[in-house]
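In: got a sequence here, can you model it:
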Amino acid sequence: MHKITRRLFSGALLVMAAISSPAVAQELKPLKILYTPSPDFAAAQTALQEGIFKKHGLDVNLSQYVASGTTAVNMLVSGSVDITIVSPSVALQTTDAGLDLVIISGGAVLPSDHTWGIFTLKDSGIETAKDLEGKTFGMIITTGSFEIFFNNWMKKNGADPTKVNIVQAPLASMADFLTSKKIDAGIIATPFFEDLVAKTGANVIGNIADALPHPVMINSWGSTREWAEAHPNIVKAFQDSMNEAADFMIANPEKGHQAMLTATGLKPEIVNRTPFSKIQRGVTPDVLSWWYDTMKSRELIVADYDPATLIYRAK
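Out: Model (predicted):
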């Protein structure tokens, strides 16, 4: 029988530690992630700052973009990034155009603690959705989720969205657009909504989330199907990292808001009063069905297909 020495015992412990800590023992897998500077995506910054990505074996390069969702999709297809934020509407339209994109992880969900408020000046005479017909309405982006949710809200309240002149109004100029009468009304989300109301004394006539039939996922994380199927372990590590980061933010709100500050570049006083987004854990077919049916009815997509095919499932 061999004598177990202290040196042998110490060596055995080191081997066991290496085996039980794969993220440390193995080489970290590189991953390029693209996101927009929004509070909804602070979990990604949290995962980076708190070492959660590394814990799950990922060496993440996290970068921002402020252009359209189409730009992000083009970067995916070109291989410039591996994973990006993509709204369900963009994912469905991309599929409709023949590109093979998949949703690998869920994003923020409405209704939530966030307000997507429809505002107007108190002396505008606008009190209902019907009153918006024939008026000029401002949005930060005139396509995508904002426009789809606004149309849904109008119809639910007995108004015709096609009779509204929708124009782009930059976030920083939204209050000025309203007071200078460049727009008659508009829509803006928390945390900017509260500031605009305080600055202009605007009247709030609705919250577009109130017209949704059930919780609706407003954004998600996507990749090309080819990349996801070639890197199933990285996809799983990313999913686990994002879920852990979301839980970490709730348990550690001060650190969560610090990550949000880094992710968004907003003022600390705005970030500190911004609630954390509710995150869709696991994307199921019913999550996409509302988007598909709504967009199909408006002819924003024309092809007939099962939206569930957009959801990545590891083989």
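
In: which residues sit in contact with G222?
Out: Counting by Cβ atoms under 8 Å, 6 or more residues apart in numbering, G222 touches L76, I83, T84, I85, V86, A91, L101, V102, I103, I104. The C-beta positions use only the backbone N, C-alpha and C, and glycine is treated the same way.

In: what is the neighbour count of the residue nearest to A308 when sequence neighbours are not counted?
Out: Counting by Cβ to Cβ, 6 or more residues apart in numbering, P285 is the residue found nearest to A308 once chain neighbours are left out, at 3.8 Å. P285: 13 surrounding residues under other Cβ atoms under 10 Å.

In: cool, and the one 4 residues further on?
Out: By the other Cβ under 10 Å criterion, the neighbourhood of S289 contains 13 residues.

In: quick one: residues in contact with whichever strand or helix holds it.
Out: Assigned by DSSP states H and E, S289 falls within helix 285-297. Contact partners of helix 285-297, identified using Cβ under 8 Å, 6+ apart, comprise 88-89, 92-93, 103, 106, 148, 152, 212-214, 216-217, 280, 301, 306-308, 310-311.

In: which positions in that helix come out as buried?
Out: In terms of neighbour count (16 or more other Cβ atoms under 10 Å), helix 285-297 has its buried residues at V287, L288, W290, W291, Y292, T294, M295, K296.

In: with stretch 185-205 instead?
Out: Residues 185-193, 195-197, 200, 202-203, 205 are the ones in stretch 185-205 that count as buried (16+ other Cβ under 10 Å).

In: the most centrally placed residue in the chain: what's its closest spatial neighbour, skipping adjacent residues?
Out: When the chain is reduced to its mean C-alpha position, the nearest residue by Cα atoms, centre = their mean turns out to be N219, at 3.7 Å. With Cβ to Cβ, 6+ apart as the criterion, N219 has its nearest non-adjacent residue at 3.7 Å, and that residue is G107.

In: my read is that that neighbour contacts V283, right?
Out: No: in this structure, G107 is not within contact of V283 by Cβ atoms under 8 Å, at 9.2 Å.

In: what touches both of those two?
Out: Listed as contacting both G107 and V283 by Cβ under 8 Å, 6+ apart are M217, S220.

In: buried set for the biggest helix by length in the chain?
Out: Of all the segments of type helix in the chain, defined by DSSP state H, the longest one is helix 232-251. Across helix 232-251, burial judged by 16+ other Cβ under 10 Å covers 234-235, 237-246, 248-249.

In: those residues into a markdown table, with extra columns for distance to K55?
Out: Shown next, in a markdown table, are these (distance: Cβ to Cβ, whole Å):
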| residue | distance to K55 |
| --- | --- |
| I234 | 14 |
| V235 | 16 |
| A237 | 9 |
| F238 | 12 |
| Q239 | 14 |
| D240 | 9 |
| S241 | 8 |
| M242 | 12 |
| N243 | 12 |
| E244 | 8 |
| A245 | 10 |
| A246 | 15 |
| F248 | 11 |
| M249 | 16 |
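
In: between those, which is closest to P268?
Out: Closest approach to P268 among these (Cβ to Cβ): M249, at 16.3 Å.

In: name the nearest residue to the closest one, sequence neighbours excluded.
Out: Leaving out its chain neighbours, the residue that sits closest to M249 by Cβ to Cβ, 6+ apart is G256, at 3.2 Å.

In: I'd guessed the one you found sits against A42; true?
Out: Yes: between G256 and A42 there is a contact under Cβ under 8 Å: 6.7 Å.

In: what about the helices in the protein?
Out: For the chain, the helices defined by DSSP H cover 6-20, 22-25, 42-49, 52-55, 69-78, 88-96, 145-156, 174-179, 192-200, 225-230, 232-251, 253-264, 268-271, 285-297.

In: and the contacts of the longest one?
Out: Residues outside helix 232-251 that contact it (Cβ under 8 Å, 6+ apart) are 29, 31, 33, 42-44, 46-47, 50, 52-53, 55-58, 82-83, 104-105, 221, 223, 228, 255-256, 259, 276, 279, 281, 312, 314-315.

In: quick one, what contacts the spatially closest residue to G186 that is not a sequence neighbour?
Out: Excluding its sequence neighbours, the residue lying closest to G186 (Cβ to Cβ, 6+ apart) is G138, at 3.5 Å. G138 sits next to I166, V167, Q168, A169, M174, F177, L178, K182, I183, A185, G186, I187 when contact means Cβ under 8 Å, 6+ apart.
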